[in-house]
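K.L.:
3D model of this:
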Amino acid sequence: MNIWAPSVKHQGQELHAVMIFIHGGSYDSGGSSAAYYDGTDLVQNHDVIVVTLNYRLNVFGFPNSPDIDPSKQNLGLLDQRLAIEWVHQNIAKFGGDPNRILLFGQSAGAASVDIYSYAYPDDPLVSALALESGTAPLLTTAPDHQNWNGLSIALGCGVGDKSFKCMSQVPMMKIVEARAKGVYTFFPIVDDVLVFSDYSARAKSGKLARLPTLAGINEREVTALLPLSLTSVDDTAIYKTTQRVYNCPLRDSVRIRLSQNVPIWRYLYHGNFSNLSPTPWLGAYHGSEVPLIFGNYNMSTVTPSSKEVEASRYMQGGWVAFANNPRTGLSTYGWPRFNFDELTLINLALNNTTPAIFTFASSWDNDCDSLIARSEL
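P.N.:
The predicted model follows:
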């Protein structure tokens, strides 16, 4: 865990809002100490406390072993909860306000935040949520143990009730190497304790933390998966895949929250800055908003433009306003609460400019039903 805080709090000084970030990486890789998650700029410019945390990943965080109690398979998610509990109990010692905690994440981190809101509806310990390019269904595994069994066989541990004991004696790096060679993927497992198969039904039954939520995606999410050597790309395929994987699930998540009267703000990030996008067709790719929110955009040999600096300060201001006051902070900042029937989609860095432009979401959501129907054929 990493904590960035303003100078030591003096007696009588107001406590600071807290921003806890969960990193992405497909539940497979990544870590909270990456340079672009450094909280220094946020703290220096906005007088908040920033916390980043680590959690167990891949087979170590989500083993899916038949020898483990089904309620204890999602160890990585339990790690996140433990870290949040620690912050809630101790952040006042760093000058933080335990009653003003924003839990935010990107990609698998955003999915984790969404999962968290359903797993702990009655005691979330946080006051607001922000989802950047991820929702609960993004990456999950059926509890059929195929990934565990395949890896166990590859390591000579076979299958059955002794495989876990055998695997626990295998050196960690051998497990990592075998997992990579066999392309075994380990994601959160549907256990109906932390991870659920029907989030809409769970929300309707009252099992959703009704916390103010900021949620959005990036315009060209999936270009991050393409080789930079390409001179041209299929924009239609990029659009459709971004819709299916990111936007349409977000639309559905927003619908669920609105049906439960949850205050929600929805954004679409468009930024395409040359020091973060080495080739123009990348556009607003998966994760490209993170350096602007943390203020760590100056990490390449290309000097950031003045528009990028302005966009970063503007976006930071929004996230911090939300952390400071989840109920009214964004409205005061000038960002409207989301409504499908009004000009409330917050377009950030459209044409690399600030402030935000507000449009109907329908122009972005119109293809969702047909795209989802085709993907289910």
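K.L.:
what about the nearest residue to L343 once chain neighbours are set aside, which SS state?
P.N.:
Nearest non-adjacent residue to L343, counting by Cβ to Cβ, 6 or more residues apart in numbering: F358, 4.6 Å away. For the C-beta atoms, the positions are set from N, CA and C on the backbone; glycine is no exception. Secondary structure assignment for F358 (DSSP: H, G, I helix; E, B strand; the rest coil): strand.
K.L.:
I figured F358 hits L350, correct?
P.N.:
No - in this structure, F358 is not within contact of L350 by Cβ atoms under 8 Å, at 10.3 Å.
K.L.:
Check which helices and strands the helix or strand hosting D114 sits against.
P.N.:
Using DSSP states H and E, the element containing D114 is helix 108-119. Where contact means 3 or more Cβ pairs under 8 Å, 6 or more residues apart in numbering; DSSP states H and E, helix 108-119 is packed against strand 16-22, helix 75-90, strand 96-106, strand 128-132, helix 199-204.
K.L.:
Dump the third one to PDB, restricted to CA.
P.N.:
Extracted as PDB, the C-alpha positions of strand 96-106 are listed here (Å, rounded to 0.1, in the frame of the first residue of the first chain):
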ATOM      1  CA  GLY A  96      -7.700  11.700   6.100                       C
ATOM      2  CA  ASP A  97     -11.500  11.700   6.600                       C
ATOM      3  CA  PRO A  98     -12.800   8.200   6.900                       C
ATOM      4  CA  ASN A  99     -16.300   9.500   6.100                       C
ATOM      5  CA  ARG A 100     -15.100  10.900   2.700                       C
ATOM      6  CA  ILE A 101     -13.400   8.000   0.800                       C
ATOM      7  CA  LEU A 102     -13.700   7.700  -3.000                       C
ATOM      8  CA  LEU A 103     -13.000   4.200  -4.200                       C
ATOM      9  CA  PHE A 104     -11.900   4.400  -7.800                       C
ATOM     10  CA  GLY A 105     -10.200   2.100 -10.300                       C
ATOM     11  CA  GLN A 106      -9.300   1.500 -13.900                       C
END
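K.L.:
what lines up beside it in the sheet?
P.N.:
If you go by DSSP bridges, strand 96-106 pairs up with strand 16-22 (parallel), strand 128-132 (parallel).
K.L.:
May I see these organised as a markdown table, with mean neighbour count added?
P.N.:
Shown next, in a markdown table, are the strands paired with strand 96-106 (neighbours: other Cβ atoms under 10 Å):
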| stretch | mean neighbour count |
| --- | --- |
| strand 16-22 | 27 |
| strand 128-132 | 27 |
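K.L.:
Now tabulate the ones you listed in TSV and tack on distance to L53.
P.N.:
Below are the strands paired with strand 96-106 laid out as TSV (distance: least, Cβ to Cβ, whole Å):
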stretch	distance to L53
strand 16-22	7
strand 128-132	15
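K.L.:
For these, give me JSON lines that also has mean pLDDT.
P.N.:
Putting these into JSON lines (pLDDT from 0 to 100) gives the following:
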{"stretch": "strand 16-22", "mean pLDDT": "99"}
{"stretch": "strand 128-132", "mean pLDDT": "99"}
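K.L.:
Out of those, which is closest to P98?
P.N.:
Closest of the strands paired with strand 96-106 to P98 is strand 16-22, at 7.5 Å (criterion: Cβ to Cβ).
K.L.:
quick one: low-confidence parts of the stretch 101-250 of the chain?
P.N.:
Scanning the stretch 101-250 of the chain for pLDDT under 70 picks out nothing.
K.L.:
ok, longest helix in this protein?
P.N.:
helix 306-324 (DSSP state H).
K.L.:
Pull the contacting residues for A34.
P.N.:
Counting by Cβ atoms under 8 Å, 6 or more residues apart in numbering, A34 makes contact with H23.
K.L.:
how far away is it from P278?
P.N.:
Using Cβ to Cβ, to the nearest Å, A34 is found at 19 Å from P278.
K.L.:
quick one, the helix holding D114 and helix 75-90 angle?
P.N.:
80 degrees (axes from the mean of the first three to the mean of the last three Cα atoms, to 10 degrees).
K.L.:
list the contacts for the residue nearest the centre of the chain?
P.N.:
The chain has A110 as the residue nearest its centroid, 1.8 Å off, counting by Cα atoms, centre = their mean. Going by Cβ under 8 Å, 6+ apart, A110 touches I22, G24, F104, A130, L131, E132, S133, G134, T135, L138, A215.
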